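**Q** need the 3D shape of this:
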Amino acid sequence: MKLKHGNLIISGIVILFLISSCGSKSKKTNTPKSDPQHAALPVEGYIIRPSVLHSGIEVAGTLLPFEETDIHPEVSGKVTYLSIKEGAHVKKGTLLARLFDGDLQAQLNKLKVQLEVAQQTQKRQEELLKIGGISQQDYDLSVLDVSSIKADMEVLNASIDKTIITAPFDGKLGFKNISIGAFITPATIITSIKQDSRLKLEFSVPERYTPEVKLGNVIYFTTEASNKKYNAKIYATEAGITADNRSLKVHAAVENRDNNITAGSFAKVAFDMGDNNDAIMIPTQSIIPEARDKKVIVYNGGIANFKVVTTGTRDSAKVEILSGLSIGDTVITTGLLSIKPGSQINLSSVNK
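**A** Got it, this is the predicted structure:
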């Protein structure tokens, strides 16, 4: 009886061991295995829709005189008259200075007397020619003498005009560099003059925007001295794009009616390029800047697809895409640092 009772106890222990072993195996079999390398990363996306973009850029410019020159005498001589008020506005033709012309005036007076005598001689010979008192050749010589004296007088008058120095156009005079009584030459700068009633605005437009530069377009600018918005009309562009900074130099005419802007001033130019009704705009945070280019991640059937893009203008929240994306693409906006090319991704939400 004791032996049978011991066998029963041993049999019970074996049965319990087998039951517990089967239970643990079934638990191990029912526990699913997780593979973190193939788990889809939850991200947020943005579906691209056509946007209306009022594009424009702000570039730096400089206000220059529309006309500007240094005033030199045409001939050498002593200054006998000087009327240069520094910083004064003058009209075209205003007398600024005179050089000594006494010798030229004396020669001119001499020729005037010779002309009077030659004209009287011509008149007498004309009467004699009518009655046959002289030959036609003698009369022609008297006419030639009168014409020769008149030509000499014109040469002297031109030389006298060169001793008179006037303003070449309406403008503002600079500093006076000479004094009355000074002997000056054509190399001497008497003063300078700048046209301030009309200015030209010089600025450069980046290469990508050059197709928008058209003659006659009106642009707007402000200066450091005033927040008032001024307008200017484009009238000329450089022959080509500069090689150093890949930009096109532009000149625009400015009518300075109130004289509140000064030549040499810095200007902030607002270059308006109109509306683009089919612009591609994406959130700024979706751009991945790299050393040579910029990339975005596009959702493609659960796979991350990296694309190189070209950006344009931007605002506080979005940036314009010029190339690399199309309308209807879905770009990823979150988890960019955790995503690698070809990674599995899952859109948790989509913003439009």
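**Q** quick one: the helix or strand harbouring residue 149 to chain centroid distance?
**A** Here residue 149 sits within helix 136-161, counting by DSSP states H and E. Offset of helix 136-161 from its chain centre (C-alpha atoms, centre = their mean, to the nearest Å): 57 Å.
**Q** same question for that helix: list its buried residues.
**A** 139, 142, 145-146, 149, 152-153, 156, 159-160 (16 or more other C-beta atoms under 10 Å). Using the backbone N, CA and C atoms, a C-beta is placed for each residue, glycine as well.
**Q** one more: stretch 304-312?
**A** 304-305, 307, 309, 311-312.
**Q** next one: stretch 177-190
**A** Counting neighbours by 16+ other C-beta under 10 Å, the buried set in stretch 177-190 is 178, 184, 188, 190.
**Q** in strands, which of the residues you listed appear?
**A** The members of these that map onto strands under DSSP state E are residue 184.
**Q** and the helices in the stretch 1-150 of the chain?
**A** All helices of the stretch 1-150 of the chain, identified by DSSP state H, counting those that start in this stretch, fall at 2-30, 102-130, 136-161.
**Q** report all helices and strands that the helix or strand that the last one is followed by contacts.
**A** Read that as helix 136-161. Reading on from helix 136-161 to the C-terminus, the next helix or strand found by DSSP H and E is strand 164-166. Applying 3 or more C-beta pairs under 8 Å, 6 or more residues apart in numbering; DSSP states H and E, one finds that strand 164-166 contacts strand 95-99.
**Q** which residues touch the strand it packs on?
**A** 71, 73, 75, 77-84, 90, 163-167, 173, 178, 184, 190-191 (C-beta atoms under 8 Å, 6 or more residues apart in numbering).
**Q** centroid residue for the chain?
**A** residue 204 (2.1 Å; C-alpha atoms, centre = their mean).
**Q** that one: what's it in contact with?
**A** When contacts are counted by C-beta under 8 Å, 6+ apart, residue 204 touches 59, 242, 245, 247-250.
**Q** can you give me the strands in the stretch 201-350 of the chain?
**A** For the stretch 201-350 of the chain, strands defined by DSSP state E, counting those that start in this stretch occupy the ranges 218-223, 230-237, 247-255, 266-283, 288-289, 294-300, 303-314, 318-323, 330-332, 345-351.
**Q** which one of the ones you listed has the lowest average pLDDT?
**A** Mean pLDDT is lowest for strand 266-283 among the strands of the stretch 201-350 of the chain, at a mean of 82.
**Q** can you give the distance of it from its chain's centre?
**A** Worked out by C-alpha atoms, centre = their mean, strand 266-283 lies 15 Å from the chain centre.
**Q** partner strands of it, with direction?
**A** Using DSSP bridges, the strands paired with strand 266-283 in its sheet are strand 50-65 (antiparallel), strand 218-223 (antiparallel), strand 318-323 (antiparallel).
**Q** kind regards, and thank you for your time.
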